[in-house]
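Asker: what shape does this take:
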Amino acid sequence: MAYTVADYGLKNFRRLRRGSASDHLTINSVGDSKSVRINTRDYVQATGDTIAVSSKPKQTITTTGDVIGVESSPRVSDAGAGALIAMKADPLLQAATTGRTVSAVRGFESNIDFPSTGSAYTITNNVNAFRTFLDMGSGHTVSGKKAVFCVATPNTSGWDYLFDLEANSGVIGATTGATAAGTIKVRSAGVDKFIQLFGSAS
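Answerer: Model prediction:
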């Protein structure tokens, strides 16, 4: 059900939009099987980007804390469950009545944007498009394997590549004069395999 000013009254509707200075703004659905839906509707604009939700917090004074655009932390508390998923991306091309063109499909896109003018920033640690940290206490049982990436068996068409490295991306190294040094462990079709690493190259 979509709520409007008429449902809440103008005063309560303003409070819903802004919250209060002493507390968080909390929006909860009543039924366990119901979700909070934002802009789940048809769009008919013919130009410009269609963006359902935008979060752009701006830190304007120096802080020792992190600045986080969106935080998702689903939990299982003293119970069993199916999969526990913090963020699920599911781009969907629905059935069309005629041939259509879409320029690209991306499940996740990370654009890290630093200014090209003004005073320079100093980043005291790494710059990462993706970072994962496993915090698993002792005594837990994992029947499967723990892996940073899992490429699942597709329904119909498989992937062409594991990585697509564009020209001048800065991650393509030399191919001659290399010295073997260590491996990366992967699992392919249920079998452990190893990718050779090199300590130096020229």
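Asker: the residue nearest to residue 187 when sequence neighbours are not counted: neighbour count?
Answerer: Leaving aside its chain neighbours, residue 187 sits nearest to residue 145 (6.3 Å; criterion: Cβ to Cβ, 6 or more residues apart in numbering). Just so you know, the C-beta spots here come from the backbone N, C-alpha and C atoms, and that holds for glycine as well. By the criterion of other Cβ atoms under 10 Å, residue 145 has 9 neighbours.
Asker: which residue ranges form the strands in the protein?
Answerer: Assignment of strands within the chain using DSSP state E yields the ranges 179-188, 191-200.
Asker: tell me which helix or strand in the chain has the weakest average pLDDT.
Answerer: One helix or strand of the chain scores below all others by mean pLDDT, DSSP states H and E: helix 5-8, with a mean of 52.
Asker: centroid residue for this protein?
Answerer: Residue closest to the average C-alpha location in the chain (Cα atoms, centre = their mean): residue 108, at 5.7 Å.
Asker: contacting residues for that one?
Answerer: Residue 108 is in contact with residue 89, counting by Cβ atoms under 8 Å, 6 or more residues apart in numbering.
Asker: which non-adjacent residue is nearest residue 85?
Answerer: residue 74 (6.9 Å).
Asker: residue 83 versus the one you found, what's the distance?
Answerer: Per Cβ to Cβ, to the nearest Å, residue 74 is found 10 Å from residue 83.
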